[in-house]
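[1] From the sequence below, what's the structure:
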Amino acid sequence: MNPPIDDEALSERIDAIRTEYADVQAQLGDPNIGDWPDRLADLGRRHSELGPIIQLAGRLQEALTDAAEAGELADSDDAMAHELRTMAAERTAEAEDLIAQIRTAMIPADPDADRDVIVEVRAAAGGDEAAIWAGDVLRMLERYAERHGYRVEHMDTSPSETGGVTKATVGIKGEGAYGRLRFEAGVHRVQRVPRTESQGRIHTSTATVAVLPEVGEVEVELDPNDVKVDVYRSTGPGGQSVNTTDSAVRLTHLPTGLVVTCQDEKSQLQNKQKAFRILRARLHQMAIDESASQLAGERRSQVGTGERSEKIRTYNYKENRVTDHRIGVTVRRLDQVLDGNLDPFVDELRLRHRELRMAEEFGG
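    Model prediction:
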């Protein structure tokens, strides 16, 4: 008889997973399963999710069995007692490590983690300097995406007269893009002497970032009657026309009041297609927020009001430091961070996020 796992709740969950895994395997073995491709895909995905847990559970049971047997033999064999107790301790430690791995593997997969993303950057508090800073934040995120091999696609940009942006929307494509970039959502605060400051005084400005997982047409259906489409001429800083045709597109989703604009392409059709992508992403995020019963949607909580007191990260030029206030991590390489080296923050944020999900899942 196998020794029991010293965690009743975990043991019950492993038993349930074994039962489900056997059921999934049986269904995959049905010779007619190919007639239902969607069901086959779902079963294959679930099989891939459960398989590693089953393997870890098997290794755990072996480690527990070895530890128990070594402990029993140590009590009856004085000559080998020391070696057997050492073996029992080693296998017990291995079992504890396997339990930790199983708990991690049991955390439900984030369905959006591997999606492409749509990133929106807006100038907030600080006037002209805020627009310049928003442009710097946009470049930082683009460089970060490029460092990880993601492709950046400009979708809508409203440049400012001072050389920054009042708002900009980009698509970032690549495996795991949302899983990494999601942590850039929020208010980014800068403390520096603006180019426009003649007295050398340090100003504080902010830019807001929203990160939305991108979804397909099938996932978010849009009734054409619910969307008002307006076209107009693309404009640059100061209202200067940069396009002689009505290529820019504005979508208004009547049921929700969401408004999306897109003007970076010369083709009205391309701008319209991109605008619908952004609109679907926003509606998808609203649906997630509602299902989670959040009073303020995740997108709104990501962005906040843009006030100087609300911040996820502060960039201080005088002290050459960047501080992430969510995890208390400070890096004194501001130039490298602005060049897209965000991994010191993102890696720690991903770890904390996983630990939080584990605590929620297991009540720890």
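
[2] Any regions of the stretch 1-150 of the chain where pLDDT drops low?
    Within the stretch 1-150 of the chain, the segments meeting pLDDT under 70 span 1-7, 77, 108-111.

[3] sorry, that was for the stretch 251-364 of the chain
    For the stretch 251-364 of the chain, the stretches with pLDDT under 70 are 288-310, 358-364.

[4] where exactly do the strands run in the stretch 51-200 of the chain?
    Ranges of strands in the stretch 51-200 of the chain, per DSSP state E, counting those that start in this stretch, are 117-123, 151-159, 165-173, 186-192.

[5] Least confident of these, on average?
    Mean pLDDT per stretch puts strand 151-159 lowest among those, at a mean of 85.

[6] Ser247 versus Gln268, what's the distance?
    Going from Gln268 to Ser247 by Cβ to Cβ, to the nearest Å gives 5 Å. Every C-beta, even on glycine, is put in place using the N, C-alpha and C of the backbone.

[7] list residues touching both of these two?
    With contacts taken as Cβ atoms under 8 Å, 6 or more residues apart in numbering, Gln268 and Ser247 have Val231 as neighbours in common.

[8] Between those two, which has more neighbouring residues?
    Higher neighbour count among Gln268 and Ser247: Ser247, with 22 against 19, using other Cβ atoms under 10 Å.

[9] which residues does the more buried one contact?
    Val231, Arg233, Ser234, Gln263, Glu265, Lys266, Ser267, Gln268, Asn271 are the contacts of Ser247 under Cβ under 8 Å, 6+ apart.

[10] do Gly126 as well
    Gly126 makes contact with Trp133, His203, Thr204, Ser205, Thr206, Arg308, according to Cβ under 8 Å, 6+ apart.

[11] Burial check on the first one, number of neighbours?
    Close neighbours of Trp133, defined as other Cβ under 10 Å, add up to 28.

[12] What residues does it make contact with?
    Ala123, Gly126, Gly164, His188, Val190, Ser205, Thr206, Ala207.

[13] can you put those residues in CSV and add distance to Glu8?
    Formatted as CSV, the contacts of Trp133 follow (distance: Cβ to Cβ, whole Å):
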residue, distance to Glu8
Ala123, 54
Gly126, 56
Gly164, 58
His188, 46
Val190, 52
Ser205, 54
Thr206, 49
Ala207, 50
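
[14] Among the residues you listed, pick out the one closest to Gly171, please.
    Ala207 (18.7 Å; Cβ to Cβ).

[15] where's that closest one, which helix or strand?
    Using DSSP states H and E, Ala207 sits in strand 203-213.

[16] Which stretches in the protein count as helices?
    Taking DSSP state H, the helices of the chain run over residues 8-28, 37-76, 81-106, 127-147, 177-181, 268-291, 298-303, 334-338, 343-362.

[17] just checking, what packs against the second one?
    Here helix 37-76 is seen to pack against helix 8-28, helix 81-106 when contacts are counted using 3 or more Cβ pairs under 8 Å, 6 or more residues apart in numbering; DSSP states H and E.

[18] and among these, the most buried is which?
    Among the helices and strands packed on helix 37-76, helix 81-106 has the highest mean neighbour count (mean count of other Cβ atoms under 10 Å), at a mean of 16.

[19] what's around the residue nearest to Arg85 when sequence neighbours are not counted, how many residues?
    Excluding the flanking residues, the one nearest Arg85 by Cβ to Cβ, 6 or more residues apart in numbering is Ala74, at 4.8 Å. Residues lying near Ala74 (other Cβ under 10 Å) number 18.

[20] Kindly report the same for Val227.
    Neighbour count of Val227, defined by other Cβ under 10 Å: 17.

[21] That one against Leu254, yeah?
    Yes - assessed by Cβ atoms under 8 Å, Val227 is found in contact with Leu254 at 7.1 Å.

[22] if we can go back for a sec, what subset of the contacts of Ser247 is buried?
    Among the contacts of Ser247, those classed as buried by 16 or more other Cβ atoms under 10 Å are Ser234, Gln263, Glu265, Gln268, Asn271.

[23] Filter the contacts of Trp133 down to the buried ones.
    The neighbour count (16+ other Cβ under 10 Å) marks Ala123, Gly126, Gly164, His188, Val190, Ser205, Thr206, Ala207 as buried among the contacts of Trp133.

[24] In contact with the fifth one, which residues are there?
    Val190 makes contact with Trp133, Asp136, Thr204, Ser205, Thr206, Ala207, Thr314, Tyr315, Asn316, Tyr317, according to Cβ under 8 Å, 6+ apart.

[25] Can you tell me who it pairs with across the strands?
    Assessed by DSSP bridges, Val190 has beta-bridge partners Ser205, Tyr315.

[26] what's the closest of the buried ones among the contacts of Trp133 to Gly176?
    Distance to Gly176 across these (Cβ to Cβ) is lowest for His188, with 21.9 Å.
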